[in-house]
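Student: Any chance you can model this:
(2 chains)
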Amino acid sequence: MERKPTSVGPGVGTPGVDTPGAGTQGPAGPPRWATRLLASWSHPDTREELQGDMLEMYAYWLESLGKPAADRKYALAAIRLLRPFARPKSSNDYSETYSFSAAMIQNYFKIAFRNLLKSKTFSAINILGLALGMACSLMILLWIRDERAVDAFHTNNGQLYRIYMREYFSGKVQGVIWTPGLLAEELKKSIPEIEMSTPYSWTNPQTFSVGSKVHKQATNWASEDFFKMFSYKLLQGTPEGALRDKSNIVISRNMAEAFFGSAEAAMGKAIRFDNRKEMTVSAVFENIGTNSSLQFDCLMTWDAYTDDNRWAEDWGSTDPLTFFKLRKDADPAKVATKMLHLLDKTNRDAGKPYKTQLAMQPFHEYYLNSNIKDAKMDGGRIEYVRLFSFVAVFILLIACINFMNLATARSSRRAKEVGVRKVVGAMRSMLAGQFMGEALLIATLSAILAVLLVALLLPAFNSLTGKQMALPLSEPMFWGVIAGLLAATGLLAGSYPALFLSSLNPVRILKGALKFDSSSVWVRQGLVVFQFGLSVILIVGMIIIYRQVGFVQNKNLGFDRENLVYFPIEGELFNKYDILKVQLTQVAGVKEVSHMTASPASNGNGTEGITWPGSDPNDKVRFTPVGVGYNFTKTMNLQMAEGRDFSKEFPTDSSGVIVNETAVKVMGLKDPVGREINWGKSKIRIVGVLKDFHFQSLHTAIRPLIAYLAAREPQGSVIVRIQAGKTPETLAAIERICKKLNPNVPFTYAFTDQEYARQYQSEQIVGKLAGYFAFLAIFISCLGLFGLAAFTAEQRTKEIGVRKVLGASVAGIVGLLSKDFLKLVMMAIVLASPVAWYIMKQWLQGFAYQIDIEWWMFVLAGVIAVLIAVFTVSFQSIRAAMVNPVRSLRSE
Amino acid sequence: MRRTFLGELEEVVLLTVAVLGEEAYAVTVAQELDQKAGRAVGFSTVHTTLQRLEEKGFLSSEMGGATAERGGRRKRFFRVTAFGRKALREAKEAREALWNAMSPDTLQLMTR
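Tutor: Numbering: from 1, shown residues only, chains lettered A, B, ... in the order given. Now for the predicted structure:
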C-alpha cells in the first residue's frame, strides 16, 4: 500500500488546530471542557501524545464531518479516554522536580524536629527567647488596645465632641477645657448642626442619705441630653426621662444597691442630697467600667446645679466641660468655623486684646490627647502608647536577632546537609523555603508558649497598670494579631539564616570545614551590637525615669508634706470650725490646725483681678488665690521670706495678704511688705512674703500666689499637722470629733503626701514597666549571647586544647574567649548612649522641674550591660577552659 | 509461554501499523482504518487497542521529536515487533490453511 505522508490528516495545519495550547482555543477549537478533562484525568503515561492526537483527530473530523459532529466525536472520545485512577506505571528517565511533594515536606519536618531535639539547649534558648519577646509584645498590644478602647464604646462615637476654649490670660493665649455653663444651650441654639449638648461638671463626692444610711458618692450634673448622647446602659428608666426634672437623680447600680438593695427597688424612691434637698431616683445605670473617662456614681440635672450655684449662669465663669453631638450629615470642619467666634457676643473678654475662641475635639480623643500645648490639644497619654509600641517592637527585634544569630552561628552543623541537598538537586529557593519554614515552626511553638505566658502573667500586669484586661480569646481580631505576630517574627527571624544558608557553595562545604567569610561574621557581630545597644537604651531609660520619679517624690516642696492630713469642710462644719479647732488641738497627736481653700496637694485656682502700681491693664497676670486660716504657715511648715504671718493681734489683717516670692518678682516690687495693691476694686496690703513652695504638681512651674485671710468664713479643707508615729490613734480621735460635730456627713480624709504621689501615678507605672521591660530585654539579649558563647567555645575546642597543652592558664583562656564579646558590648554602649540621651531628654521636657542627665547614668548602664555579658559569657568560657585537653584533642 | 490470541480488531490495527510503517501513530492508524478499511472504529478504541497491543508485546513505541503543530506535543510512533510479525504471520497461515481445506465446491460458492 502506498505510504501517504499526508495521511496525517487534511486538517493539520489549519489555523484552528496548530495554535499551541488546547485550552486557549477560540470558538473554532474543540470543546474546552473536554480538553481540560483530558489534560488532567487521562492516563498520565500517554497524556502528552494523546492530547496531540486528539487535536489532530478533531481537525480531521472538522474537515470531514463539520463542527457539530466533530465536537460530539471529540467529547465522546475524550470521555472514553479518561483514566482517572490510573497511576504512571513506568518511571521516566528522570523524575520531575516537585518542590513540594509530600515526601519532601515530610522530610523537612523530620529534619526540623531532629535538629530541635539534637541540641536541646539551643532550641530552648531560641524558643524561650522568642516566646518571651512575643509575650512582651502581646502584653503591650493588649495594653495599647485597652488604652485605645477608652471612650470608644459610645454608639454615637463619631458624632460626639467636646469643647475647649482659647482664652487670653497671663499674657498669652492658652487652652482651657472648662467652659461657661451657659455654653451647652447656646451651642444648640446657634448652630443647627448640633443636635444635642450637655454641660458636665467636675465630679466630686457629695453626701446622700436615705433614712439612717449615709454615703458619699461621686456626683456630677448634666443636661437632659446626656443619656441620649452617651451609651451608658440604663437598667431602669429611659434615656429621655432620666434627667427631665430638677428633682431627678440618676444613680449607679452600686449606689442603688447600697441604699435600696436593688436597682428595681430604687426607681421612684426619694434620696436626700447634702441633707437639704429631696431627690427622686428617675433611672438606674449599670456601673461605669474603666473604659470610660467620665466616672460618676450619680447624675443630677444642670438646672439643679445652677439653682445652687448662681454664678454658673454668668458667661464670665468657666466651670463645666461641654460635650455635644453633631447631626449625622454635618460637616465637622464647618461646625468648627461656625463656633470659633460664638462667644464674641457675650462680651466676656472686656478689655482683653484677644477674644476667646471655641474649638472642638472628638470626644474619645481626649483620653489620649489631653495635654494643652499652645492652645491646642496635643499629646498626653498617646505618648506613652507610642513609647510602648516602640518598646514592643524593640523587644521583639531583640528576640528575632537572637534567633538569627544562633541559627547562623550553628549553620556549620547544617552546612553538610545544605551541601548534600544542593548536590542532589535542591534549588536555592527550596532551601530558603525549608529554613524559613523551620523558623516559622519555632515561631509557632514560641507563640503557643507566649499566649500561655500572657495568660499566666496578665493578672500581675493588670494590678501593675491598674487595668482589667483579659485575653480576648473569642475575638477573631486577636487570632489575626497572633498570626500576624507569628508571621512577622518567623519571616524576620528566618530571613537571614534562610538567605545565608541557602547561599553556601556546595563544593566548598563538602570539600572541607565551612569557613565563614568576613561578611557573615560582620553581620553577626553587628546584630549583637544592635541588640545590646537596644538593651543599653532601655537600661538608661529605666535609670532616668526611676531617678526623675524619685526626685519628684522627694523634692523639697517648700513645705512639709509628711504627716499632713486634710479633710473637707462640709455640712455643719462651716459654722462649727472654731469648736472643731478647739477640740482638735486638745487631741494629743495634733500639733497644728488650720484651714485653706483647695487642698494642700494641688491648687489650680486662678484670678486676674490683681493690679498694682505700674501694672499693665492689657497684660493681666493670673494669680493663684488661696483663702487661709490663722496658723496656716505654721501648719504647712512654710518659711517666711519677709514680713509676718496673719495674726489675731492685727485686726487689719482682714484686708491684708501674703504673697509668694514669685508674685513679688512678677509685680516687680522692691520692698513688698506694707505695699498696697488692688484686688478687683478693693485695696489690700501685703503683710508678708512666703518663700516659694509647690502647691501644684512639678509638671508646672510655681505660679504667683496670693493668700488672703478667710478665717471668718472657713471654706475648702481643714488641714491638720499631726505628730509622726501617732497616726492611727490621732486619726481615730479626729474622726470621733468630726462625727460628733457633723453627724450627717461621713468622715473622709487624705494624706497630703499620698495625694501628691497620686499626681505621678502614670510616671510611676511607666517607671516600673520600663524597669520590667529593660530587664526582659537584657535577659533575652543574654540568652542570645549565652548561645553564641557556647557555640564559639565549642568551635574552638581544639584550639583551646592545644593552648592548654602548650601551657595556657584557665584565666588566660577565659579572657581570650570573653574578649571578643566584650568588645561588641562596649561598642554597643558607645553607640547607644547618645541615642538614649536624646530620647530621655525628650521625655524630661514634660517636667518643669527635671533632673540632669549625668554621665554616671550611662556608665552605670554600661557597667550593668558589661557585667551581665561577662557573667553570661564566662559561664561558657570557663567550662570550655576547664576541659581536659586530652579529651578535646583525642579524637582526630 | 502464555499463548496470546490476536483478536480480530487487534489484527486489523496491527496490520495497519505494519502498512503505515514509520508513519504509524494513533491518528494515522485511525484515519487509515476510516478511509481504507471503511470501518467505523472510534479513535478511543484505536488508542486503547494500540496500548493493549504494546502491553502484549506485539508493538513497541517510541516518542518522536517535538512538533510545531498539535500544541507542540510529541507523537508516539508504533512499530511492529518480531513477536507481532510472527503473530500476524501465524494468523494469516491459520486462515490460509482453513481456506485451503475448503472443498472446491464450497470455494466456488464463496468466490462467486
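Student: Chain B versus A:Y756, what's the distance?
Tutor: Going from A:Y756 to chain B by C-beta to the nearest C-beta, to the nearest Å gives 87 Å. Heads up, the C-betas are built off the backbone N, CA and C, glycines and all.
Student: Geometric centre of the chain: which residue is closest?
Tutor: If you meant another chain, say so; for now it's chain A. A:V385 (3.1 Å; C-alpha atoms, centre = their mean).
Student: right idea, wrong chain: chain B
Tutor: Central residue of chain B (C-alpha atoms, centre = their mean): B:L14, 1.6 Å from the mean position.
Student: can you pull the pLDDT of that one?
Tutor: Residue-level confidence at B:L14 comes out at 91, pLDDT.
Student: same check, this time on A:Q25
Tutor: Predicted confidence (pLDDT) for A:Q25: 45.
Student: and whichever residue of the stretch 401-550 of chain A sits closest to chain B, how many neighbours does it have?
Tutor: Residue of the stretch 401-550 of chain A nearest chain B, by C-beta to the nearest C-beta: A:G425 (23.6 Å). For A:G425, the tally of surrounding residues (other C-beta atoms under 10 Å in any protein chain shown) stands at 10.
Student: Just say helix, strand or coil for A:W61.
Tutor: helix (DSSP: H, G, I helix; E, B strand; the rest coil).
Student: Now for the nearest residue to it once chain neighbours are set aside: which residues touch it?
Tutor: Nearest non-adjacent residue to A:W61, counting by C-beta to C-beta, 6 or more residues apart in numbering or on different chains: A:A70, 3.7 Å away. A:A70 sits next to A:P30, A:Y58, A:W61, A:L62 when contact means C-beta atoms under 8 Å, 6 or more residues apart in numbering or on different chains.
Student: mind checking which helix or strand the closest residue to A:Y354 other than its chain neighbours is in?
Tutor: Among residues not flanking A:Y354 along the chain, A:Y168 sits closest, at 3.8 Å (C-beta to C-beta, 6+ apart). Per DSSP states H and E, A:Y168 falls inside strand A:160-169.
Student: What's the mean pLDDT across the following helix or strand past that strand?
Tutor: Elements were assigned by DSSP H and E; along the chain past strand A:160-169, the next helix or strand is strand A:172-176. For strand A:172-176, mean pLDDT rounds to 76.
Student: Tell me the gap between strand A:172-176 and the middle of its chain.
Tutor: On the basis of C-alpha atoms, centre = their mean, to the nearest Å, strand A:172-176 sits 28 Å off its chain's mean C-alpha point.
Student: what's the distance between A:R244 and chain B?
Tutor: Taking C-beta to the nearest C-beta, one finds A:R244 at 83 Å from chain B.
Student: ok, now A:G181?
Tutor: Distance from A:G181 to chain B, by C-beta to the nearest C-beta: 85 Å.
Student: what about that residue, which SS state?
Tutor: Under three-state DSSP, A:G181 comes out as coil.
Student: Quick check: it touching A:Y200?
Tutor: No: A:G181 lies out of contact with A:Y200 (C-beta atoms under 8 Å); the separation is 10.4 Å.
Student: overlap in contacts of these two?
Tutor: Common contacts of A:G181 and A:Y200 (C-beta under 8 Å, 6+ apart): A:P320.
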